[in-house]
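> Build me a model:
(one chain, ligands or ions: 1)
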Amino acid sequence: MPQTLANPNAALSFDPLSGPDTEVRSLIRRLEKAYAALSADPKQERTCVRDIRLSEEEAKILYSEADLYSLGALAHAARLARHPGNMVTYVADRNINYSNVCVCACRFCAFFRPPGHPQAYVLSREVLAQKIQETIALGGTQILMQGGHHPDLPLSYYEDLLVWIRGEFPSIHIHAFSPPEIVFFAEKEGLSISEVIVRLIKAGLHSIPGGGAEILTDRIRSRVSPRKCTAGQWLETMRIAHVQGLKTTATMMFGHEEKAEDLLEHLFVLRKLQDQTGGFTAFIPWTFQPSGTRIKRNPESAQSYLRVVAIARLVLDNFFSVQASWVTMGPHIAQLALFFGANDFGSLMIEENVVAATGVSFQLTREQIHSIIEKTGFIPRQRHMDYRLTENPENAP
Ligand code: SF4
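Predicted coordinates:
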């Protein structure tokens, strides 16, 4: 039976093998066969892994030469092999940006304000409490708490904040402080990254968001965010967090100054670290939004976004989850991403400030998210950060 929106698990009926044999066609053929074998018998994971694992050269060929449809079909096969059920998950959380004061001034950022700016803020405990209460009342399970690199807040400020949140709202999961913030805390306090993470865990931190990764090559970081941590420091922070037992996510913001080789390098350094630690739960790619920033270019097309989601699913064969980004791409492209390798619809996102600062303002209610997912033939299920389902926490999808 051909694949339809009402039947998302049926085999795709495309023929990538017509025409003369080429490197990209034989690669597609190999992967198609390997994922079909894996779907038929998931116990074969070990034997299939050598056929599924892409070399850097193969990823380059696929990303640059495969047609969009073939790339998407392969990524969907990879997604179904990894998530054979009929579920699409999402988390209900709130982005809380505790401060917009930042000394980094990244060229792609429309959110930050320099110290002393009239619009600079640090959220009070009263405002924080109200935001967390609202999140819980709306069925939210976690807060994603990040902020600018504030030059005057000591590490003890963040420790006190965590202790207070844990005391006042013991049920809420605290997903907070991206690697650049942690590196900034360490440098400011004269501590190691490891010492900072130990102290944050002791104060109540549950997991670390993968923000601030942008593109994990220093040739790009030095151009778009020269005052932010290096690619090596980002990866090292995540490695240490994983070793200390924290789960984290990984992100990629693309469509600014990177080239295809930078984007692929980003995926391969993540795959390598995941092989070593297994600590990443999800990969979340999104597109740079240029409005209000100091990088002048057009936003990425839907096609470019879907190619990246697909190649990420294929390269990151050791990642459990790939998320669609409705916040930057809008609900319809995010819906399409569910057929290009994404298995998760991201977050209900009760509040979002960073993308909104660029003027992009997609908003979805829980009912809309359910409806968007159901129209694809998948079943929406709310999850926790670690992908346990909220209704049946024993079962991960
Ligand atoms: S992206 Fe983060 S670190 Fe960079 S300027 Fe914005 S708030 Fe600061």
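> Nearest residue to the middle of this structure?
I284 (1.9 Å; CA atoms, centre = their mean).
> so which helix or strand takes in it?
Per DSSP states H and E, I284 falls inside strand 280-287.
> So what are the sheet partners of that strand and their directions?
With DSSP bridges as the test, strand 280-287 is paired with strand 247-254 (parallel), strand 321-322 (parallel).
> The residue nearest to the centre of the chain is in contact with G211, isn't it?
No. Using CB atoms under 8 Å, I284 is not in contact with G211; the gap is 9.1 Å. Bear in mind the C-beta positions are built from the backbone N, C-alpha and C, glycine included.
> so how far is the ligand from F339?
Taking CB to the nearest ligand atom, to the nearest Å as the measure, F339 falls 31 Å from the ligand.
> Just the terminal-to-terminal distance for stretch 180-196.
The first and last residues of stretch 180-196 sit 12 Å apart, counting by CA to CA, to the nearest Å.
> how distant is it from the center of its chain?
Its chain's C-alpha centre and that of stretch 180-196 lie 23 Å apart, by CA atoms, centre = their mean, to the nearest Å.
> Enumerate the positions of it that are buried.
Judged by neighbour count (16 or more other CB atoms under 10 Å), stretch 180-196 contains these buried residues: P180, E181, I182, V183, F184, F185, A186, K188, I193, S194, V196.
> The second one belongs to a strand?
In other words, E181. No. Using DSSP: H, G, I helix; E, B strand; the rest coil, the assignment for E181 is helix, not a strand.
> any idea how far it is from C229?
9 Å (CB to CB, to the nearest Å).
> Surely P299 and T287 touch.
Yes. Using CB under 8 Å, P299 is in contact with T287, at 6.0 Å.
> who has more neighbours, these two?
More crowded of P299 and T287, by other CB atoms under 10 Å: T287, with 23 against 17.
> where does this structure have low pLDDT?
For the chain, the stretches with pLDDT under 70 are 1-20, 45-48, 360-361, 393-397.
> tell me which parts of it are close to the ligand?
For the chain, the contact set with the ligand under CB under 6 Å from any ligand atom comprises C102, C104, A105, C106, C109, F111, F112, G148, H149, P180, S225, K228.
> Thought D152 was touching the first one, still the case?
Pointing back at C102 there. No. If you go by CB under 8 Å, C102 and D152 don't touch, sitting 11.8 Å apart.
> now the strands: where do they sit in the stretch 51-200 of the chain?
Secondary structure of the stretch 51-200 of the chain (DSSP state E, counting those that start in this stretch): strands at 87-91, 93-97, 142-146, 173-176.
> Does anything pack onto the second one? Which helices or strands?
So the one you mean is strand 93-97. Applying 3 or more CB pairs under 8 Å, 6 or more residues apart in numbering; DSSP states H and E, we find strand 93-97 packed against helix 125-137, strand 142-146.
> Can you name the residues that contact A92?
By CB atoms under 8 Å, 6 or more residues apart in numbering, the contact list for A92 reads T135, L138, G139, G140, T141, Q142, S347, L348, I350, R366, Q382.
> nearest spatial neighbour of the last one, skipping sequence neighbours?
To tie it back to what came earlier, the one meant is Q382. Spatial nearest neighbour of Q382, excluding adjacent residues (CB to CB, 6 or more residues apart in numbering): T390 at 4.5 Å.
> which residues does the one you found contact?
By CB under 8 Å, 6+ apart, T390 lies in contact with T141, R381, Q382, R383, H384.
> One more pass at 10 Å, please.
By CB atoms under 10 Å, 6 or more residues apart in numbering, the residues touching T390 are T89, V91, A92, G139, T141, R381, Q382, R383, H384.
> ok, back up a step: which residues are in contact with both of I284 and G211?
T249, A250, T251, M253.
> Now do the SS call for the spatially closest residue to the first one that is not a sequence neighbour.
In this case it means T249. Using CB to CB, 6+ apart and skipping residues adjacent in sequence, the residue nearest T249 is G210, 4.0 Å away. On the three-state scheme (three-state DSSP), G210 is labelled coil.
> Any idea how many residues pack against G210?
21.
> do the same with R366
Residues near R366, counting by other CB under 10 Å: 16.
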